[in-house]
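1. From the sequence below, what's the structure:
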Amino acid sequence: MQNILDWYKKKIIMKRTNRKIAKQWLVILGIITILFTGCLSTQNYTYEQPIEQNFTEQNSSGQNVAEITEQANAGDANAQNELGDMYQNGKGVAQDYDKAVYWYTKSAEQGDGEGQAKLGRMYEDGKGVAQDYDKAVHWYTKSAEQGNSTAQFALGWMYCDGLGVSQNYKKAAYWINLSYENATDEEEKRLAQKVWNDYELWRY
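-> All right, here's what the predicted structure looks like:
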């Protein structure tokens, strides 16, 4: 779920800090990007080859794209999520948001909380589908009710800004607090704490 957290981190920086601080962050990110690009340039990648050949085309279990696709077609929700990730990020396959949405939807419709959270993000961001905050809230809610901390954070954010729902700081406080309590990742906890403080959700 790191992609979702990174995405929200950028939104929080741009929305809840003043322009001066935002510009400072952009400079820092630019420097990091330059340094990272420099590191990549020292690697022995063959850029003339198809992008798929610059990746192992295997997951942590040693499965290749064909094996993951076979499992996804057989109804394995985890494989469907993984395949969705691959298409969203262009890892092992050509980047294709439409296909990412397709596989996230397959997983989400089976009731998988991770797939629901990722599908919600695609609707919120309008990638592979028309931007639709109502549908984003729908899928975030389903995932959040299953205890997915990332979806709980996203849903709290939607209530903070009134996206797909009426602005409601009390509900925002409820979901952001749950996200903080359930998060196992320190970065996610820091993001939840930042939103809690920036929006003064402790008042509700």
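2. out of everything not next to it in sequence, what's closest to Asn168?
-> Tyr159 (5.0 Å; C-beta to C-beta, 6 or more residues apart in numbering). C-beta: built from backbone N, CA, C; applies to glycine.
3. go on, Ile176?
-> Distance criterion C-beta to C-beta, 6+ apart; nearest residue to Ile176, sequence neighbours excluded, is Gly156 at 3.7 Å.
4. surely that neighbour meets Trp175?
-> Yes: because the distance of 3.5 Å satisfies C-beta atoms under 8 Å, Gly156 is recorded as touching Trp175.
5. between the two, which one's more packed in?
-> Neighbours per residue (other C-beta atoms under 10 Å) separate Gly156 from Trp175, with Gly156 holding more: 28 against 25.
6. tell me what the helix or strand containing the more buried one is packed against?
-> Secondary structure here is read from DSSP states H and E; on that basis Gly156 sits in helix 149-161. Contact analysis of helix 149-161 by 3 or more C-beta pairs under 8 Å, 6 or more residues apart in numbering; DSSP states H and E lists helix 2-16, helix 113-125, helix 133-144, helix 169-182, helix 186-198 as its packing neighbours.
7. Buried residues in that helix, which are they?
-> Ser149, Thr150, Ala151, Gln152, Phe153, Ala154, Leu155, Gly156, Trp157, Met158, Tyr159, Cys160 (16 or more other C-beta atoms under 10 Å).
8. Is Val165 within a helix or a strand, and which one?
-> Val165 belongs to no helix or strand when elements are defined using DSSP H and E.
9. So what's the residue count around it?
-> Neighbouring residues of Val165 were enumerated by other C-beta under 10 Å; the total is 19.
10. I'd say it and Tyr140 touch.
-> No: in this structure, Val165 sits apart from Tyr140 without contact. The criterion is C-beta under 8 Å, and the distance is 9.9 Å.
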